[in-house]
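A.B. asks: Give me a 3D structure for the following:
(one chain, ligands or ions: 2)
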Amino acid sequence: MTAHLKKAELHCHIEGATPPELALLQAEKYGLDTSEIIADRAYVWTDFTSFVKCYDSVASLFRTQEDYALLAEAYLTELAEVGTIYSEIIVSPDHGNTIGLGADAYLEGLAAGMEAAKAKTGIESRMLITGIRHLGPESVAKTAEFAARRDHALVTGFNLAGEERMHRVADFARAFDIARDAGLGLTIHAGELSGAFSVRDALDHIRPSRISHGVRAIEDADLVKRLADDGVVLEVCPGSNISLQVFPDFASHPLRTLHGAGVRVTLNSDDPPFFHTSLAQEYDIASSVMGFGDDDINSMTRTAIQAAFVDESTRQKLLALI
Ligand SMILES: Nc1ncnc2[nH]cnc12
Ligand SMILES: [Zn+2]
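C.D. replies: Ligands and ions are numbered 1, 2, ... in the order given. Reported below is the predicted structural model:
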């Protein structure tokens, strides 16, 4: 068990953290039908394409600043209750625009929830704005421009999520240049749905300090060595990988091998209720299924804080808590 350990995560999509019970309440509030996306209090999807469809439907149940504040506060409070000291949530202003709320109000709502959770529990959190890959390079560049103009101190990074099998990493280099020039930390979904080439492309074209997932780097020994040598941090989400069938089971998941090869790894939940997991469960699995001891797990938590997109005084304060 890992209940006694402090926890931190760098990778959770905020809409993907909606518990089905909250989705049902939101649907009732707006008189919407959820029969296609929720059955027996669980989300209905079968592969990445239907997962994205289900995810987008859940996102559309959040329509006001208050809805988003509630979501962020509820998620972060739950994390704090299991010993989490830091969380980076991946946020998508495109969802705020799609619903007609607007990107600024979307961020303001989330920020209010983050601040409320911090006031109640002390949990520190930051937002990473994400572009959505399957919306194409132009859309992602616009999202990066929005992120670069941010006037919210809690927005500290930029990510690229969505359908990794569409477009090439190089198509998004301009968006990441915009985000980098604006001083945002960079990470990118790669090596999840696509193989090692995608991680290599990310390193070559984006030069991020972290990779979201990156686990399929295991298909290329030279690439694993490059990740270790360069100190690139992987945001590993084992439960998500098993759920999406990136690997058949925890026994064949490469977390242990990557760690053994000296790659800097962290534990993350991705879209917890969609994948029937939670950050606490990811920690428990690392301990009881993958066989990591408390010292190894604490060092992953420390790695997360070292790689977090926060100012130095916050980083030192968080490190002192582990
Ligand atoms: N696991 C995942 N991969 C890519 N994009 C996502 N968006 C939400 N979850 C995702
Ligand atoms: Zn993700």
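A.B. asks: Which residue would be the closest one in this protein to ligand 1?
C.D. replies: For the chain, the residue closest to ligand 1 is residue 161, as judged by Cβ to the nearest ligand atom, at 3.6 Å. Bear in mind the C-beta positions are built from the backbone N, C-alpha and C, glycine included.
A.B. asks: Show me what from the stretch 201-322 of the chain comes close to ligand 1.
C.D. replies: When proximity is defined as Cβ under 6 Å from any ligand atom, the stretch 201-322 of the chain approaches ligand 1 at 240, 270, 271.
A.B. asks: any chance of these in TSV, plus pLDDT?
C.D. replies: Listed next are those as TSV, based on pLDDT from 0 to 100:
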residue	pLDDT
240	98
270	98
271	98
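A.B. asks: where along the stretch 51-200 of the chain do the helices fall?
C.D. replies: 65-81, 93-98, 103-121, 137-148, 173-181, 196-205 (DSSP state H, counting those that start in this stretch).
A.B. asks: Those helices into TSV, with extra columns for distance to residue 41?
C.D. replies: Output for these, formatted as TSV (distance: least, Cβ to Cβ, whole Å):
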stretch	distance to residue 41
helix 65-81	16
helix 93-98	23
helix 103-121	23
helix 137-148	33
helix 173-181	37
helix 196-205	34
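A.B. asks: can you tell me if stretch 28-46 touches ligand 1.
C.D. replies: No: interface with ligand 1: stretch 28-46 contributes nothing (Cβ under 6 Å from any ligand atom), its closest point being 11.1 Å away.
A.B. asks: residues of that stretch that come out buried?
C.D. replies: Neighbour-count burial for stretch 28-46, counted by 16 or more other Cβ atoms under 10 Å, picks out 34, 37, 38, 43, 44, 45.
A.B. asks: now do stretch 267-281
C.D. replies: Buried residues in stretch 267-281, counting neighbours by 16+ other Cβ under 10 Å, are found at 267-275, 277-281.
A.B. asks: What of stretch 205-223?
C.D. replies: For stretch 205-223, a neighbour-count test (16+ other Cβ under 10 Å) marks 205-206, 208, 210-218, 220, 223 as buried.
A.B. asks: before we move on, what about stretch 281-301?
C.D. replies: Neighbour counts over stretch 281-301 (16+ other Cβ under 10 Å) mark 281-287, 290, 292, 297-301 as buried.
A.B. asks: Which stretches in the stretch 201-322 of the chain count as helices?
C.D. replies: Ranges of helices in the stretch 201-322 of the chain, per DSSP H, counting those that start in this stretch, are 221-230, 238-243, 255-260, 279-284, 294-307, 312-319.
A.B. asks: Next up, the contacts around the residue of the chain closest to ligand 1.
C.D. replies: 13, 90, 92, 130, 131, 132, 133, 189, 212 (Cβ atoms under 8 Å, 6 or more residues apart in numbering).
A.B. asks: Could you check how far it is from residue 187?
C.D. replies: Going from residue 161 to residue 187 by Cβ to Cβ, to the nearest Å gives 10 Å.
A.B. asks: so what's in contact with the two at the same time?
C.D. replies: Counting by Cβ under 8 Å, 6+ apart, the contacts common to residue 161 and residue 187 are residue 212.
A.B. asks: got the contact list for residue 276?
C.D. replies: Residue 276 makes contact with 42, 239, 243 under the criterion Cβ under 8 Å, 6+ apart.
A.B. asks: err, residue 10, not the other one
C.D. replies: Residue 10 is in contact with 88, 187, 210, 233, 235, 266, 268, 304, 307, 308, counting by Cβ under 8 Å, 6+ apart.
A.B. asks: most surrounded residue in these?
C.D. replies: The most crowded member of the contacts of residue 10, judged by other Cβ atoms under 10 Å, is residue 187 (33 neighbours).
A.B. asks: who's the nearest residue to that residue once chain neighbours are set aside bridged to?
C.D. replies: Residue nearest to residue 187 in three dimensions, not counting chain neighbours: residue 210, with 4.1 Å by Cβ to Cβ, 6 or more residues apart in numbering. With DSSP bridges as the criterion, residue 210 is bridged to residue 187, residue 233.
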